[in-house]
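Asks: I would like the atomic coordinates for the input below:
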Amino acid sequence: MANFELKINNDIATIWMDQPGSEVNTLSVAMLDDFRNLLDTIEKNNDIKAAILISKKANCFIAGADIKDFQRMESSEEAEKLSREGNQILTRLSQLKKPVIAAINGACLGGGLEVAMACHYRIATTDEKTVFGLPEMKLGLLPGGGGTQRIIKLTSLRYGLDALLTGKNIYPYSAKKNGLVDELIHKEGLYQAAIKQAQNPIKRRPKKQSLLDRALNTSMGRNYVLKKARETVMRKTRGNYPAPLKILDCVEIGLEDGLQAGLEAESMAFGELHGTSACQNLIRLFLAMQDNKKLKNNNKTENTDAITMIGAGFMGAGITEVSIKNGYQVILKDINPEGIASALKTIWDDFTKLVRNKAMTAVDRDRLMANIKTTTDDDAICDADLIIEAVFEDLGLKQKILADVEKRCKKSTVFASNTSSLPLADITANSNNPNHVVGMHYFSPVPKMPLLEVIVTDKTAKKARQMAINVGIKQGKTVVVVKDGPGFYTTRVLSAMTHEAIKVLHDGAKIEDIDNAMKDWGFPVGPLALMDEVGIDVGAHIARGALGKMFLNRGIEQDDTVQKLAEAKLYGRKSGQGFYRYPKKGKKTVNTDIYKYFGGEERQSMDKTIIQNRIGLIFVNECVHCLEEGILADVADGDLAAILGLGFPPFTGGPFRYIDARGASEITEILNNLSRQHDNRFEPAQLLTNKATNNERFYL
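Replies: Just a heads-up that it's a prediction; the model follows:
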């Protein structure tokens, strides 16, 4: 058995998992076959009284299913068959007369957690690498190995649904408290604890349920929870993702008709979901993110141990946080000591939340915080090979900082600007060493947003480019490299979208209708609400710069209403009002007073499809312009960046896959009609027109 090594000692079988040629164990088809053979051996060997399932991998129990197996399956029937076979094997495991103890250290995710839940007893380490979860929903699937059934039985309906419907990570202390694991131990004592349990099995006790969970563990209570869960799912997904509803169906069937009925429903639903476009696109997205890291991290020589961070504002604090958390020493420099203190408090508070949630120890928090050296001294910035600036989006200020760095630091120092819109060519206009300057555009909030946009010019040296890539990947980011230009890729496309939302507002639509239409289309937040979050003043500042001029040069007149809103201090959330009002307590409400800037309070209902075509297709068209002009290297980068950085609907696969699915000819026709109705801002990119004319796709 290639994936397992079986050793028997004193009536106890130890099953060592060690998938050859891989840093992690995955629940592949081959591993399932080996598992079946293992069960035969354990059942038939009378010398075995108990078994321990443990991994030889340093930080991995089983990291989940082999996603490429899912991609290779050609039909829903094949997917259903795989799930059914997996369920049969794990049901057989759970019904073994000999106890099997799962000894868990490291990642125990997806199919890995399903294996562990089918065992009779679970011991996990408190190591920071140990994490549980059922993330299949993020792939447009559901757990197909009994996960929808066993997590509810081991924990509670509320806890199990939360795990199933969010796919979030569960850390050891939460897992123990809620019944997902039976025992916690330090890493070094894991195997001995498993042997002790195998020698003298302690019958696991059902988790003590809270008063609320006991109340909900009735027919009426379960119906209430499931009804509320469905309402929440529909509110959040707008019906664009079928997996959460299928999960709820399977849970309900299991609760009403028993485990076997639930498992049968699970396998059928797994097959159905695998055949959906949402699932196929989400699997492609997952694999694209994996490939992105492999392809871009192929040169690890250009790296650094230390980073200087100039600017201790919100972005500077976030970049510092992800840097120290991933092994970097950071010199945090700001002219304002109060700014530095605020940044340190922000990072401390973020880490303390992890400590409270048992996802980090207080010792680790203190150790990481010690990796920040703060300074207000300009001469202290040169002790790192990479300097990142994250100051206000002001060209003169950024040029001044670059000039100062070039004057003080060694010539080989790489300088990275966290600019979101200013062309790198403008920032380096007076530079003595432009080949060592690169753009590193992080997204806010930095600790949560997964994308890093690296910007390069024709002068950027390979060293600077690769160092920015390597640092970003080590920080946990998906890195997309784009060519220099006003707004680069993401800010440029976002500006086109928000500009059109303003135009739709001028045409009489309601604020909530615009945002709801785009949320129905699949965006997590509407464009006007997004402007409030980013800051209307920020959008106004960007529109006044090189990006606004670029659109003007294309004959696209820029609307000055956003400038007027900024002058009136209607900045959005940070000022308490923008397109919405933000009370200190309670939910935001539409700010109807703002309609006076858009022709008055008299509004009209606009067809949702018209709103979606105008705003969504202008976004998509701008993406094609960026590809046509060489801003984007390829369509895969364009799809990744749009989804991870701008919230483009993940279930579509990204703007270029969206075009392929809907058809370039249909989109071109709609854009041409909109161009005739409005103006040339809707004129299709020539590359899009060519695809339509030749009946071609962006992906082969």
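Asks: so what's Leu190 up against?
Replies: Neighbour list for Leu190: Ile54, Ala103, Ile104, Asn105, Ile123, Thr125 [criterion: CB atoms under 8 Å, 6 or more residues apart in numbering]. To be clear about C-beta, it is placed using only N, CA and C from the backbone, and glycine gets the same treatment.
Asks: Helix or strand with the lowest mean pLDDT in the chain?
Replies: The helix or strand of the chain with the poorest confidence is helix 211-216; it has a mean of 77 (mean pLDDT, DSSP states H and E).
Asks: Name the surrounding residues that touch stretch 78-97.
Replies: Contact partners of stretch 78-97, identified using CB under 8 Å, 6+ apart, comprise 27, 29, 32, 35-36, 39, 42-43, 69-70, 73, 100, 111, 114-115, 118-120, 144-146, 150, 263, 266-268, 270-275.
Asks: 7 Å instead?
Replies: When contacts are defined by CB atoms under 7 Å, 6 or more residues apart in numbering, stretch 78-97 is touched by residues 32, 35-36, 39, 42-43, 73, 100, 114-115, 118-119, 144-146, 263, 266-268, 270-271, 274.
Asks: What subset of the residues you listed is buried?
Replies: 32, 35, 39, 42, 73, 100, 114-115, 118-119, 144-146, 263, 266-268, 270-271, 274 (16 or more other CB atoms under 10 Å).
Asks: among those residues, which are in helices?
Replies: Residues of these located in helices (DSSP state H): 32, 35, 39, 42, 114-115, 118, 263, 266-268, 270-271, 274.
Asks: Now the two most distant members of the residues you listed.
Replies: Largest separation among these by CB to CB: Ile42 and His274, giving 31.1 Å.
Asks: Which residue ranges of the stretch 451-600 of the chain form helices?
Replies: Listed in chain order, the helices of the stretch 451-600 of the chain (DSSP state H, counting those that start in this stretch) span 462-474, 490-506, 511-521, 527-534, 536-544, 546-553, 561-567.
Asks: mind listing the strands for the stretch 51-200 of the chain?
Replies: Ranges of strands in the stretch 51-200 of the chain, per DSSP state E, counting those that start in this stretch, are 60-62, 100-104, 107-109, 121-125, 131-133, 183-185.
Asks: In a markdown table: those strands, plus distance to Thr320 and mean pLDDT.
Replies: As requested, the strands of the stretch 51-200 of the chain are exported to a markdown table (distance: least, CB to CB, whole Å; pLDDT from 0 to 100):
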| stretch | distance to Thr320 | mean pLDDT |
| --- | --- | --- |
| strand 60-62 | 29 | 97 |
| strand 100-104 | 33 | 98 |
| strand 107-109 | 27 | 98 |
| strand 121-125 | 29 | 98 |
| strand 131-133 | 24 | 98 |
| strand 183-185 | 32 | 97 |
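Asks: Please name whichever of these is nearest to Leu528.
Replies: Across the strands of the stretch 51-200 of the chain, closest to Leu528 is strand 131-133 (CB to CB), at 34.0 Å.
Asks: Now do that closest one: distance to the chain's middle.
Replies: Centroid displacement of strand 131-133 relative to its chain, using CA atoms, centre = their mean, to the nearest Å, is 16 Å.
Asks: Counting by contacts, list what that strand packs against.
Replies: With contacts defined as 3 or more CB pairs under 7 Å, 6 or more residues apart in numbering; DSSP states H and E, the packing partners of strand 131-133 are strand 107-109.
Asks: so what strands line up beside the strand it packs on?
Replies: strand 60-62 (parallel), strand 131-133 (parallel) (DSSP bridges).
Asks: Residue ranges in this protein under the pLDDT threshold?
Replies: 205-207, 297-300 (pLDDT under 70).
Asks: and the spatially most central residue of it, how far is that from Tyr241?
Replies: Nearest residue to the geometric centre of the chain (CA atoms, centre = their mean): Pro450, 5.5 Å. Per CB to CB, to the nearest Å, Pro450 is found 19 Å from Tyr241.
Asks: Run through the residues that contact Thr320.
Replies: Applying CB under 7 Å, 6+ apart, the residues contacting Thr320 are Met309, Val330, Leu332, Ala343, Ile347, Ile372.
Asks: So what does it have for phi and psi?
Replies: Backbone torsions for Thr320, taken as degrees, to the nearest 10, come to phi -60, psi -40.
Asks: Over to His120?
Replies: According to degrees, to the nearest 10, His120 has phi -90, psi -20.
Asks: so who does the nearest residue to it once chain neighbours are set aside touch?
Replies: Leaving aside its chain neighbours, His120 sits nearest to Pro99 (4.4 Å; criterion: CB to CB, 6 or more residues apart in numbering). Contacts were defined as CB under 7 Å, 6+ apart; by that measure Pro99 touches Ala50, His120, Tyr121, Ala198, Pro201.
Asks: Domain map for this structure?
Replies: 4-275, 296-486, 491-601+608-630+663-693 (automatic domain parsing).
Asks: how far does the first one sit from the chain's center?
Replies: Pointing back at domain 4-275 there. That offset, for domain 4-275, works out to 23 Å (CA atoms, centre = their mean).
Asks: wait, Ala685 sits on Glu622?
Replies: No. At 8.1 Å, Ala685 does not count as touching Glu622 under the criterion of CB atoms under 7 Å.
Asks: which one of these two has more residues nearby?
Replies: Glu622 (23 against 20; other CB atoms under 10 Å).
Asks: What distance do you get for that one to Lys68?
Replies: Distance, Glu622 to Lys68, using CB to CB: 33 Å.
Asks: And Gln466, by the same measure?
Replies: According to CB to CB, Gln466 stands 28 Å off from Lys68.
Asks: Looking at those two, which is more packed in?
Replies: A count of neighbours by other CB under 10 Å puts Gln466 above the other of Gln466 and Lys68, at 22 against 13.
Asks: Name all residues that make contact with the residue nearest to that one when sequence neighbours are not counted.
Replies: Spatial nearest neighbour of Gln466, chain neighbours left out: Glu302 (4.0 Å); criterion: CB to CB, 6+ apart. Residues in contact with Glu302, defined by CB under 7 Å, 6+ apart, are Lys463, Gln466, Met467, Asn470.
Asks: Please convert these to a markdown table, extending it with distance to Ala501.
Replies: Shown next, in a markdown table, are those (distance: CB to CB, whole Å):
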| residue | distance to Ala501 |
| --- | --- |
| Lys463 | 41 |
| Gln466 | 38 |
| Met467 | 37 |
| Asn470 | 37 |
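Asks: Emit the ChimeraX select command for whichever of those residues are buried.
Replies: Selection of buried members from the contacts of Glu302 for ChimeraX, criterion 16+ other CB under 10 Å:
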select :463,466,467,470
